[in-house]
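In: Turn this into a model:
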Amino acid sequence: MADSENDAILTEESEDKLNCTVELSDSGPWQKKISIVIPRDEIDAAMSEQYGDLTKTAEIPGFRKGRAPRVLVQKRFGDEVTEQTKLRLLARAFEQVEDDQDFEILGEPDFDPGDIVLPDEGDMTFEYEVEVKPEFDLPELEGIKVEKPIFEVTDDKLDDAIEEICKRYGTLKDLEEKDKAVAEDVVRSDVTIKVDGIEEEETLIDHPLRVYEGGIKGVWVEDLEKVLKGAKVGDTKTCSAEAPDTHNNEEWQGKKVDFSISIKAIRRMIPAEMNDDLFNKLGVGDEEELRKYLSEDMERRADNEVRQEMSRQVMDFLSEKIDIELPKKILARHEARALQRRYYELMQNGVAQDQIAENIEKLRSASSEQAMAELKMSFIMEKVAEQLEIAVTDAEVNGWVAQIAMMNRRRPEKVRDELRSQGRLEDLQDQIRNEKAIDKLLEMAEVVDKPLEADKAPKETAKKKKTTKKTTKKAAKKAEDKGEDSDKDESTAKKARKKVKRKPPSKKDADD
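Out: Numbers count the residues shown, from 1 in each chain. This next block holds a predicted model:
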């Protein structure tokens with residue numbers, strides 16, 4: 001390109017640059033207060049340009065198009081031109097701040113353009129606050145020490161998985177009034193909710209609660225299982241908890257919440273028996289085939305579980321080495337994004353809709369500390385990806401969308417359109433980027449095998465355990481006798497919940 005052409009472009013860029021004064025000050029972690037003064041001559045020039053364009057196209061009665069005097073154009077379109085000029089000056093000022101400063105602005109400026117007035121005389125002055133991307137240094141990424149867990153399929157693991165399947169295909173039994181609730185029973189109750197500082201109470205009618213750690217109405221109740229255990233029909237149990245700062249009801253945030261739970265009915269799961277009826281539902285011929293499928297499924301999932309554990313170690317290392325202060329405003333906004341990311345993960349793993357709802361509620365009820373950790377890691381992983389030059393292609397996004405669609409038996413294009421319309425596609429791209437960055441870090445890591453823990457090592461047995469009707473009857477007997485031995489059953493149930501998460505496919509599905 002000729003020098004004269006370069007000079008022309010530079011001159012044009014120089015003329016387009018707004019002559020304004022910008023002052024910066026810190027207003028909090030990751031927040032900047034920006035004060036801008038636009039001088040009168042810039043305002044007048046912008047007004048003249050607007051009127052110059054308008055007079056060429058304005059239609060005023062009695063005058064040909066573009067021939068009306070400017071004074072008449074001003075009288076008829078003055079308010080509109082003033083508003084358009086103001087918005088144009090604001091846009092140029094925002095663009096210049098982003099171009100001239102060495103920080104990256106997150107989101108939109110925190111201000112209302114309607115509050116800013118374009119003065120008839122003198123300079124235009126306004127200020128606003130923005131959130132900016134945090135600045136921090138990454139530790140050395142080469143050679144992070146990672147322990148690789150050793151996974152083995154044992155008879156104990158298969159027994160636990162079969163016990164969980166029997167429970168999943170069991171039937172709920174209504175207990176008598178004299179019976180006491182034990183771990184994992186389902187309690188139907190009327191729940192009265194009183195929030196500190198709010199006069200009106202809220203009541204949930206026939207609300208189901210599981211005798212297990214969990215939450216009520218988006219509030220995590222730490223000792224809910226302890227409160228409900230031992231209750232009988234007709235009892236009223238009370239408990240209290242603090243609503244998280246990120247609760248979806250702003251009036252509840254950070255406040256004490258009192259719950260009064262009136263027990264109306266208790267139901268207990270009686271595990272299914274290992275018989276032909278159950279085998280037909282599972283799509284297997286007998287218990288031996290079921291155990292074979294479960295063993296193969298555990299092996300298939302082992303690599304993913306091992307990778308997740310190794311990934312966690314890498315992220316823990318980064319989190320410990322990097323200190324970032326996070327403001328509550330960003331934390332609240334991150335809560336919604338964290339819910340969306342968890343939603344993708346559960347969909348990809350083929351988790352049932354009711355289980356997704358349960359996990360989303362747990363995430364919503366998580367403490368501010370946990371949400372802060374997730375937000376902190378999202379910024380760390382973004383910077384790691386930048387340093388490692390990690391990029392995400394359309395083909396990779398389409399691959400993940402196709403996997404989600406397959407798990408949910410939907411058309412990929414429909415899933416992609418839904419993600420895009422809901423603003424989730426960008427979050428999916430971030431998740432893919434983070435996965436690729438973790439893979440790269442693991443390639444660079446110093447990996448050593450992690451020995452089996454003593455309590456998790458496979459047990460030496462003289463012969464293979466038999467778990468046909470004996471196993472099922474034992475599980476059923478334990479369920480019936482839970483009131484007498486609830487602590488032991490509770491331990492077994494918690495262990496089993498960590499195992500099989502979805503039912504085996506039919507033979508046809510397996511072949512496909």
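In: Go through the longest helix anywhere in the chain and flag the buried ones.
Out: In terms of residue count, the longest helix belonging to the chain (DSSP state H) is helix 287-321. Along helix 287-321, these residues count as buried under the neighbour rule (16 or more other Cβ atoms under 10 Å): 287, 290-291, 293-295, 297-298, 307, 310-311, 313-315, 317-318. Bear in mind the C-beta positions are built from the backbone N, C-alpha and C, glycine included.
In: Return the list of helices and strands in contact with that helix.
Out: On a contact count with 3 or more Cβ pairs under 8 Å, 6 or more residues apart in numbering; DSSP states H and E, helix 287-321 meets strand 145-149, helix 155-168, helix 276-282, helix 368-387, helix 425-444.
In: Buried residues of the third one, list them for me.
Out: What it means is helix 276-282. Neighbour-count burial for helix 276-282 flags Leu278, Leu282 (criterion: 16+ other Cβ under 10 Å).
In: ok, and what's touching that helix?
Out: Helix 276-282 is contacted by residues Ile165, Cys166, Tyr169, Ala272, Gly285, Asp286, Glu287, Glu289, Leu290, Lys503, Pro504 when judged by Cβ atoms under 8 Å, 6 or more residues apart in numbering.
In: what residue ranges in the chain score low on pLDDT?
Out: Low-confidence segments of the chain, defined by pLDDT under 70: 1-16, 55-71, 73-75, 78, 327-329, 334, 336-338, 340-370, 451-512.
In: Domain ranges for it, per the record?
Out: The chain resolves into domains spanning 19-132, 134-169+274-512, 171-270 when parsed by automatic domain parsing.
In: what's the first-to-last distance across the first one?
Out: So that's domain 19-132. Using Cα to Cα, to the nearest Å, the span of domain 19-132 from its first residue to its last is 24 Å.
In: What is the nearest of the contacts of helix 276-282 to Leu331?
Out: For Leu331, the closest of the contacts of helix 276-282 turns out to be Lys503, at 38.0 Å, with distances computed as Cβ to Cβ.
In: if you go through the stretch 51-200 of the chain in chain order, where are the strands?
Out: Per DSSP state E, counting those that start in this stretch, the stretch 51-200 of the chain has strands spanning 105-110, 124-132, 145-149, 171-174, 186-195. These are given in chain order.
In: Could you dump the ones you listed into JSON lines and include mean neighbour count and distance to Asn249?
Out: Formatted as JSON lines, the entries for these read as follows, by neighbours: other Cβ atoms under 10 Å; distance: least, Cβ to Cβ, whole Å:
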{"stretch": "strand 105-110", "mean neighbour count": "14", "distance to Asn249": "23"}
{"stretch": "strand 124-132", "mean neighbour count": "19", "distance to Asn249": "24"}
{"stretch": "strand 145-149", "mean neighbour count": "15", "distance to Asn249": "41"}
{"stretch": "strand 171-174", "mean neighbour count": "12", "distance to Asn249": "32"}
{"stretch": "strand 186-195", "mean neighbour count": "18", "distance to Asn249": "9"}
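In: Of all these, which one comes closest to Val227?
Out: strand 186-195 (10.2 Å).
In: For that closest one, name the packing helices and strands.
Out: With contacts taken as 3+ Cβ pairs under 8 Å, 6+ apart, strand 186-195 sits against strand 202-210, strand 256-270.
In: what pairs with that strand, and is each one parallel or antiparallel?
Out: Its sheet considered, strand 186-195 pairs with strand 202-210 (antiparallel), strand 256-270 (antiparallel) by DSSP bridges.
In: Specify the stretch among these that is closest to Asp160.
Out: Once Cβ to Cβ is applied to the strands paired with strand 186-195, the stretch that comes out nearest is strand 256-270, at 16.0 Å.
In: hey, C-alpha coordinates of that closest one in CSV?
Out: Provided in CSV are the C-alpha atoms of strand 256-270 (Å, rounded to 0.1, in the frame of the first residue of the first chain):
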residue,chain,number,x,y,z
LYS,A,256,-32.2,-17.6,58.8
VAL,A,257,-35.0,-19.9,57.7
ASP,A,258,-37.1,-22.0,60.2
PHE,A,259,-38.9,-25.1,59.0
SER,A,260,-41.7,-26.9,60.7
ILE,A,261,-42.3,-30.4,59.2
SER,A,262,-45.6,-32.2,60.0
ILE,A,263,-45.3,-35.8,59.1
LYS,A,264,-48.4,-37.2,57.3
ALA,A,265,-47.1,-40.5,55.8
ILE,A,266,-43.9,-42.5,55.5
ARG,A,267,-43.0,-44.9,52.6
ARG,A,268,-40.1,-47.3,52.4
MET,A,269,-38.5,-48.9,49.3
ILE,A,270,-38.6,-52.7,49.3
